[in-house]
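**Q** my questions are about this predicted structure, shown below with the sequence.
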Number of protein chains: 2
Amino acid sequence: MSGWIAVAGLGPGDDALVTPEVQASLDQATDVIGYIPYVARVTPRDGLTLHPSDNRVELDRATHALRLAAEGRRVVVVSSGDPGVFAMASALFEALEAGPRDWLTLDIRILPGITAMLAAAARLGAPLGHDFCAINLSDNLKPWALIEQRLRLAAQAGFAMGFYNPRSTSRPHQFARALEILREECGGDRLISFARDVTKPGEVLRTVTLAEATAEMADMRTMVILGNADTRRVGRFVYTPRRAE
Amino acid sequence: MSGWIAVAGLGPGDDALVTPEVQASLDQATDVIGYIPYVARVTPRDGLTLHPSDNRVELDRATHALRLAAEGRRVVVVSSGDPGVFAMASALFEALEAGPRDWLTLDIRILPGITAMLAAAARLGAPLGHDFCAINLSDNLKPWALIEQRLRLAAQAGFAMGFYNPRSTSRPHQFARALEILREECGGDRLISFARDVTKPGEVLRTVTLAEATAEMADMRTMVILGNADTRRVGRFVYTPRRAE
């Protein structure tokens, strides 16, 4: 009965970006839990039970993981990117808070990974080289009005921005509205980058101005990065200088 | 003459957080350039020249790396954390922009790493589980007034916040002022975490309320993470729920 849970970040896709810490946890696990495509990235072996589950069942998945660990299993909950950034770590603590008190003594570790924003930034150059923010553009878990207000304040603060979940088929119009707000606040010359399937086969990188940007340039597999007022191109790269006035 | 430059993130300190991609670049390098303590993390070997340099010479270091690559060397510029987050990637592109045009054809890659903010968040729980921002509190490269304004807007936007370089001996009073501003904007009950030497021997994690926080809790080896209005404790962890109203 020495169960544990590791909530592990698999990075954006390329196995060369999986940390040795995460790989070691997978090598020791008895159970791997996660969204179907992330569990599919784990090599099956004897003694390892894979528990793939559908999207949007994060709390059920977290509760399942805690129950298995309480039974003495060694459980890895896999996230893409970093588990603490719009991924499974918060869901695990929500389930922990709602669960029986003795779960609080479980051995729980969060194992960081390369989040999509930083992987995309690296492929583009250094667009997040000054202060920046990360905003999840999905309104599944917050009101759209809050997102609009946050975009305006972030622009006024001069942040470069990384946008997760910019656009899905169930809410096709919101990203167009986000671009409209950003054009109002930042002007049309600001650089914006679309990084699709970062570090995966078929990766596409595209940088345009806000004036040129259209909602169709993004989907749920796209990380969007908006520069700050100083962000510029040098050769094939996009970067934000360290200095600001 | 097939030189290249990789700007590589060594992560926060633990070698188990160095990605295989970064390790492979170090294995192929002829030259490693960087700030003294980061170069000291690279294992010496025959055929590898180490170029440790002092702090605050980022542009010289970047120019040196570009020159060596132009001569056909295989150069890794090492950063701690992620090279794109308050580290060497932007400095490299600044040097590239200022240099001769033929440098633009050099093979340059940025290799992401685990940045201190995300390593600290993982050790604490999931304090960045909702939208968040990263602010460098050093005024070496921007006016302090801009930092104050950014803190206020970030608080009004409801971001959790990660603070890099919170406090140094050359500017001991600014972090106290930052805490004052945050108390004004967020109230005294907001949780703030101090993570010193994250993933290194001697790591210290401490979470208090803003009312209890003092400037002495941070130094240059401390990553500071401020929660948002919903950030809470569960057992020994600090986390921010995914949902916001």
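**A** The structure has been received and is ready for your questions.
**Q** sec struct for A:V78, please.
**A** Secondary structure assignment for A:V78 (DSSP: H, G, I helix; E, B strand; the rest coil): strand.
**Q** and the closest residue to it other than its chain neighbours, its phi and psi?
**A** Spatial nearest neighbour of A:V78, excluding adjacent residues (Cβ to Cβ, 6 or more residues apart in numbering or on different chains): A:G34 at 3.8 Å. C-beta: built from backbone N, CA, C; applies to glycine. Per-residue torsions, A:G34: phi 170, psi 180 (degrees, to the nearest 10).
**Q** any idea how far chain B is from A:G34?
**A** Using Cβ to the nearest Cβ, to the nearest Å, one obtains 16 Å as the distance from A:G34 to chain B.
**Q** try A:R101
**A** Distance of A:R101 to chain B, given as Cβ to the nearest Cβ: 9 Å.
**Q** got it, and A:L68?
**A** Relative to chain B, and taking Cβ to the nearest Cβ, A:L68 is found at 18 Å.
**Q** how near is that residue to A:D31?
**A** To A:D31, A:L68 is 5 Å away according to Cβ to Cβ, to the nearest Å.
**Q** what's next to the helix or strand hosting A:R123, contact-wise?
**A** Assigned by DSSP states H and E, A:R123 falls within helix A:116-124. Helix A:116-124 has contacts (Cβ atoms under 8 Å, 6 or more residues apart in numbering or on different chains) with A:11-12, A:17, A:80-81, A:85, A:127-128, A:134, A:162, A:164, A:193, A:195, A:198-199, A:203, A:205, A:207, A:223, A:225, A:237-238, B:82-85, B:89, B:109-112, B:115.
**Q** now do the helices in chain A.
**A** Using DSSP state H, the helices of chain A run over residues A:20-28, A:36-39, A:58-70, A:88-98, A:116-124, A:144-156, A:174-186.
**Q** in the fifth one, which residues are buried?
**A** Think helix A:116-124. Within helix A:116-124, the residues that count as buried by 16 or more other Cβ atoms under 10 Å in any protein chain shown are A:116-124.
**Q** and A:A69, what does it touch?
**A** Taking Cβ under 8 Å, 6+ apart, we find A:A69 in contact with A:3-5, A:75, A:106-108.
**Q** any idea how far A:V204 lies from A:S193?
**A** Using Cβ to Cβ, A:V204 is found at 11 Å from A:S193.
**Q** with neighbour numbers in mind, choose between the two.
**A** Per other Cβ atoms under 10 Å in any protein chain shown, whichever of A:V204 and A:S193 has more neighbours is A:S193, with 25 against 12.
**Q** which ones, among the contacts of A:A69, also lie beside chain B?
**A** Among the contacts of A:A69, the ones lying near chain B by Cβ under 8 Å from any Cβ of the partner chain are A:I108.
**Q** in JSON lines: the contacts of A:A69, plus neighbour count.
**A** Below are the contacts of A:A69 laid out as JSON lines (neighbours: other Cβ atoms under 10 Å in any protein chain shown):
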{"residue": "A:G3", "neighbour count": "18"}
{"residue": "A:W4", "neighbour count": "18"}
{"residue": "A:I5", "neighbour count": "28"}
{"residue": "A:V75", "neighbour count": "27"}
{"residue": "A:L106", "neighbour count": "17"}
{"residue": "A:D107", "neighbour count": "11"}
{"residue": "A:I108", "neighbour count": "24"}
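**Q** any chance of the contacts of A:A69 in TSV, plus distance to A:W144 and pLDDT?
**A** Output for these, formatted as TSV (distance: Cβ to Cβ, whole Å; pLDDT from 0 to 100):
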residue	distance to A:W144	pLDDT
A:G3	40	96
A:W4	39	98
A:I5	33	98
A:V75	35	98
A:L106	36	98
A:D107	39	98
A:I108	33	98
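**Q** filter the contacts of A:A69 down to just the ones in strands.
**A** Members of the contacts of A:A69 lying in strands (criterion: DSSP state E): A:4-5, A:75, A:107-108.
**Q** so A:Y38 sits right up against A:G9, yeah?
**A** No - using Cβ atoms under 8 Å, A:Y38 is not in contact with A:G9, being 9.8 Å away.
**Q** residues shared between the contacts of those two?
**A** Residues touching both A:Y38 and A:G9 (Cβ under 8 Å, 6+ apart): A:79-80.
**Q** could you check which of these two has the larger neighbour count?
**A** Neighbours around A:Y38 and A:G9, counted as other Cβ under 10 Å, are more numerous at A:G9. The numbers are 31 against 21.
**Q** which ones are touching the more buried one?
**A** A:G9 touches A:19, A:22, A:79-84, A:87, A:111-115, counting by Cβ under 8 Å, 6+ apart.
**Q** can you pull the residues that touch both of A:L68 and A:D31?
**A** Common neighbours of A:L68 and A:D31 (criterion: Cβ under 8 Å, 6+ apart): A:V75.
**Q** beta partners of the closest residue to A:Q28 other than its chain neighbours?
**A** Closest residue in space to A:Q28, ignoring its immediate chain neighbours: A:R74 at 5.8 Å, by Cβ to Cβ, 6+ apart. Per DSSP bridges, the residues bridged to A:R74 are A:W4.
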